[in-house]
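Q: coordinates only, no sequence provided:
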C-alpha cells in the first residue's frame, strides 16, 4: 500500500555571491533541515546560481571569479552545486526565467531517471507525462519541486518599485515556491501580510527562522578586504586563498558599475545607462 | 629611531565545547586590531581549553575538546592549542594559566635575545606581552559574585591586559565603566568592535547537534566529523555536571575569610 509520499525538493539560490560566504552556505543547511523537519519534503539538491555581469551592480566582479569561488566553497558539500547557466547569458536574466530554466532541467533529469524503470511502469509514466504541462499538478505529492531559497531581504525587495515585475513574483511564488530565511529584526510575516500577491500564495512560502544570527554579508567581507583585514572563518578557507591569489576586491573593484543603472531598473523603467 | 612594536601573544581561555568558527574569528579580529594600533606585533595565539574539573554543565572530556581544537586549528599558522591547563589536576584560575604562559614566553624571548645579541643590535626588542583574548560576555562575568577573586581581576587587568571583542548587544565599554578595577586599567583593555553580527555559540552548536540539525559552516568540517565519530553532544552529554557547583564558585567559597583569623 502506498504511504504518504514525500515531495522531492531542489533549492535554488540566486544572487551576486560577491563573494560567497559561510552565511550563503548556512542558508541551504537551514532550509533543508526545516523542510525535512515537516516530514513532507526530501531536499535532494541545492543550486547556487551566481548572477551574470549584466546585472551591473556596483562592485560586482567578473562572473568567472564568482563562479570559481562558489565552486571552491561547495567542494565539500555532497548536495550543493554551482550552476553557470545564468552567469553565461549575454544579458541579465530575470529570476523567474532562471527558476523556469532550472525547473525544466530538474524535470528532464527526473524523466531520465524514470526511463531507467522497467516496462511495467510505462503506463504510469505516460500519464505523468501529461501532468507536467499543467502547472496545477506541479505540486502534486511525489512530483519534484523547485523552490527559490532567499533571505528576508529578497521578500522585502518585492516591494521596491520597478525592481520586480508583479507577474514574475506571482509566478515564482505561485507556481514554484519560496523558502525564506529570516532572523530577528526582519518580519517576513508582515511583509507577506502587506502584499496581495504574497498573501495569495502564502501557503507556498516557507519561513525559516535563523535563531543563531549570522550576518556575514558579502558587503562587509569586501570592506574588510579593502582595508586589509582578515576574513578568515567568514568564508571557506579555499575561497579566502582564491581571493588573495587573484587579488580581488579593492577600492577599484568596488567602483565598478558605480555610475551605471542596475539592469532590472533599466529594463522596467526604460532608464538608460549614462 | 622608530619605536619597535611590542611582541604580543593572545591567550584565549574557555570551554571550547566545541570550538567554533567564531572562536577562531576572535583571534583574527584581535590580531588585526592590535596591529592597527601601530604598537604591537602579534606573534602567537593560544587556545587553552579548560580542564574537566571546571564542572560546567555539558562539558565533554578535555581530551575530546583538545582533539577538536587541534583539528580546527590545523590550518592556522599562528594559533595553537595548549594542553597544560586541561592537564592540571584541578580547575586552574585564569590568572594562574596566564602566569604559566607568560613565564614560557619570557623564557623563549630571553633565549632568543641571548643568541642574537651582537654589536649591531641597536635597541633591545621590547619585552613580549601576553593578553587575554575574550568576548564581551567574558568581561561581564567579573561581576558575578564569587566567580572571580578581586586580586586576580586586578592582576589580569593590570599586569597583563585584555583584548575584548564585542558580541551581540553587549557593550564592553559599559562593562569596563561599571567596574572600578577595570576602569583603573582601561588603557590595558583593548576593545574590538565586531561589526558582523555573528551569534554562533558553542551552546547553539550543541543544541543543533542534539536535535540532529546541521552545523556545517559554523564549525570546521573536520570537527563535525570528529563529533559524529565519537558521538559527542547528546542529551546525555548536556546533562553532565548537572547540579554540580561550578568549580571556581566552590573554590572561592572555600577561601578562608582573612578577618576571622585575626
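A: All right, it came through fine. For clarity, every value in this text was computed on a predicted model and none was experimentally measured. Residues are numbered from 1 along each chain as shown, chains lettered A, B, ... in the order given.
Q: helices of the chain, start to end?
A: Let's take chain A. A:22-37, A:63-73, A:85-88, A:95-115, A:122-131, A:152-157, A:166-171, A:188-193, A:196-200, A:218-226, A:237-246, A:251-254, A:263-269 (DSSP state H).
Q: nope, chain B
A: Using DSSP H, helices in chain B cover B:21-36, B:62-73, B:84-87, B:94-116, B:136-140, B:150-155, B:172-177, B:180-184, B:202-210, B:221-230, B:235-239, B:247-254, B:258-261.
Q: mean neighbour count, distance to chain A and mean pLDDT for the ones you listed - can I get that in CSV?
A: C-beta coordinates here come from the backbone N, C-alpha and C atoms, glycine included. As requested, the helices of chain B are exported to CSV (neighbours: other Cβ atoms under 10 Å in any protein chain shown; distance: least, Cβ to the nearest Cβ, whole Å; pLDDT from 0 to 100):
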stretch, mean neighbour count, distance to chain A, mean pLDDT
helix B:21-36, 22, 4, 94
helix B:62-73, 21, 10, 96
helix B:84-87, 17, 23, 96
helix B:94-116, 15, 23, 90
helix B:136-140, 21, 15, 85
helix B:150-155, 15, 30, 92
helix B:172-177, 18, 18, 86
helix B:180-184, 15, 27, 90
helix B:202-210, 19, 5, 91
helix B:221-230, 16, 6, 95
helix B:235-239, 13, 17, 89
helix B:247-254, 15, 27, 79
helix B:258-261, 6, 45, 42
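Q: relative to residue A:143, which of the ones you listed is closest?
A: helix B:202-210 (30.9 Å; Cβ to Cβ).
Q: list the helices and strands the closest one packs on?
A: Contacts defined by 3 or more Cβ pairs under 8 Å, 6 or more residues apart in numbering or on different chains; DSSP states H and E place helix B:202-210 against helix B:235-239.
Q: got a list of contacts for the helix it packs on?
A: Applying Cβ atoms under 8 Å, 6 or more residues apart in numbering or on different chains, the contact partners of helix B:235-239 are B:57, B:58, B:60, B:206, B:210.
Q: ok, the first one - contacts?
A: Just to be clear, that refers to residue B:57. B:238, B:239, B:240, B:241, B:242, B:244.
Q: which residues touch the last one?
A: Applying Cβ under 8 Å, 6+ apart to residue B:244 gives the contacts B:55, B:57.
Q: need phi/psi at it.
A: Dihedral angles of residue B:244 (phi, psi; degrees, to the nearest 10) stand at phi -80, psi 140.
Q: shaky segments in the stretch 151-274 of chain A?
A: In the predicted model of the stretch 151-274 of chain A, residues A:184, A:270-274 satisfy pLDDT under 70.
Q: up against chain B, what does it have?
A: Selection of the stretch 151-274 of chain A residues close to chain B by Cβ under 8 Å from any Cβ of the partner chain yields A:211-217, A:220, A:229-230, A:232-234, A:236-237.
Q: now which of the residues you listed would you call buried?
A: Neighbour-count burial (16 or more other Cβ atoms under 10 Å in any protein chain shown) applied to those gives A:212, A:214, A:216, A:217, A:220, A:229, A:230, A:232, A:233, A:234, A:236.
Q: tell me if I'm right that the first one and residue B:200 touch.
A: Yes. Contact criterion Cβ atoms under 8 Å: residue A:212 and residue B:200 qualify, at 5.7 Å.
Q: which neighbours do these two have in common?
A: The contact sets of residue A:212 and residue B:200 overlap at residue B:218 (Cβ under 8 Å, 6+ apart).
Q: rewinding a little: wait, which of the helices of chain B is closest to residue A:251?
A: The minimum distance between residue A:251 and the helices of chain B falls on helix B:21-36, with 17.5 Å, by Cβ to Cβ.
Q: give me the distance from the closest one to the chain's centre.
A: 12 Å (Cα atoms, centre = their mean, to the nearest Å).
Q: repeat that for stretch B:219-227.
A: How far stretch B:219-227 lies from its chain's middle: 21 Å, per Cα atoms, centre = their mean.
Q: which residues touch it?
A: By Cβ under 8 Å, 6+ apart, stretch B:219-227 touches A:76, B:18-21, B:64, B:67-68, B:71-72, B:74, B:205, B:209, B:215-216, B:232-233.
Q: what sits against the nearest residue to residue A:68 once chain neighbours are set aside?
A: Closest residue to residue A:68 apart from its sequence neighbours, by Cβ to Cβ, 6 or more residues apart in numbering or on different chains: residue A:242 at 6.5 Å. Contacts here follow Cβ under 8 Å, 6+ apart; on that basis residue A:242 touches A:65, A:68, A:69, A:72, A:248.
Q: quick check: residue A:242 vs chain B, distance?
A: The spacing between residue A:242 and chain B, counted by Cβ to the nearest Cβ, to the nearest Å, is 15 Å.
Q: need the pLDDT of residue 3.
A: As the question left the chain open, I've gone with chain A. pLDDT for residue A:3: 49.
Q: that answer is for a different chain, and I need it for chain B
A: pLDDT, residue B:3: 73.
Q: what's the burial count for it?
A: 9 (other Cβ atoms under 10 Å in any protein chain shown).
Q: now residue A:102
A: Neighbours of residue A:102 (other Cβ under 10 Å): 22.
Q: go ahead and confirm it touches residue A:11.
A: No. In this structure, residue A:102 is not within contact of residue A:11 by Cβ under 8 Å, at 10.1 Å.
Q: which neighbours do those two share?
A: The overlap between the contact sets of residue A:102 and residue A:11 (Cβ under 8 Å, 6+ apart) consists of residue A:47.
Q: filter the buried ones among the residues of the stretch 151-274 of chain A next to chain B down to the ones in strands?
A: Residues of those located in strands (DSSP state E): none.
Q: biggest separation within these, which pair?
A: A:212 and A:229 (23.1 Å).
Q: can I get the helices of chain A in a markdown table with distance to residue B:34?
A: Formatted as a markdown table, those follow (distance: least, Cβ to Cβ, whole Å):
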| stretch | distance to residue B:34 |
| --- | --- |
| helix A:22-37 | 24 |
| helix A:63-73 | 29 |
| helix A:85-88 | 40 |
| helix A:95-115 | 44 |
| helix A:122-131 | 63 |
| helix A:152-157 | 34 |
| helix A:166-171 | 48 |
| helix A:188-193 | 40 |
| helix A:196-200 | 48 |
| helix A:218-226 | 16 |
| helix A:237-246 | 20 |
| helix A:251-254 | 24 |
| helix A:263-269 | 43 |
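Q: residue B:8: which of those helices is closest?
A: Among the helices of chain A, the nearest to residue B:8 by Cβ to Cβ is helix A:218-226 (21.0 Å).
Q: list the helices and strands that closest one packs on?
A: Using 3+ Cβ pairs under 8 Å, 6+ apart, helix A:218-226 sits against helix A:251-254.
Q: so which of the contacts of residue A:242 is the closest to chain B?
A: Using Cβ to the nearest Cβ, residue A:72 comes nearest to chain B of the contacts of residue A:242, at 13.6 Å.
Q: spit out the contact partners of the closest one.
A: Residue A:72 is in contact with A:236, A:238, A:239, A:242, counting by Cβ under 8 Å, 6+ apart.
Q: just give the nearest non-adjacent residue to it, would you?
A: Leaving aside its sequence neighbours, residue A:72 sits nearest to residue A:238 (Cβ to Cβ, 6+ apart; 4.0 Å).
Q: kindly report the same for residue B:246.
A: Distance criterion Cβ to Cβ, 6+ apart; nearest residue to residue B:246, sequence neighbours excluded, is residue B:55 at 5.4 Å.
Q: which residues does that neighbour contact?
A: Neighbouring residues of residue B:55 by Cβ under 8 Å, 6+ apart: B:91, B:241, B:244, B:245, B:246, B:247, B:250.
Q: nearest to residue B:46 among those?
A: Nearest to residue B:46 among those is residue B:91, at 18.0 Å by Cβ to Cβ.
Q: what's the pLDDT at that closest one?
A: For residue B:91, pLDDT reads 91.
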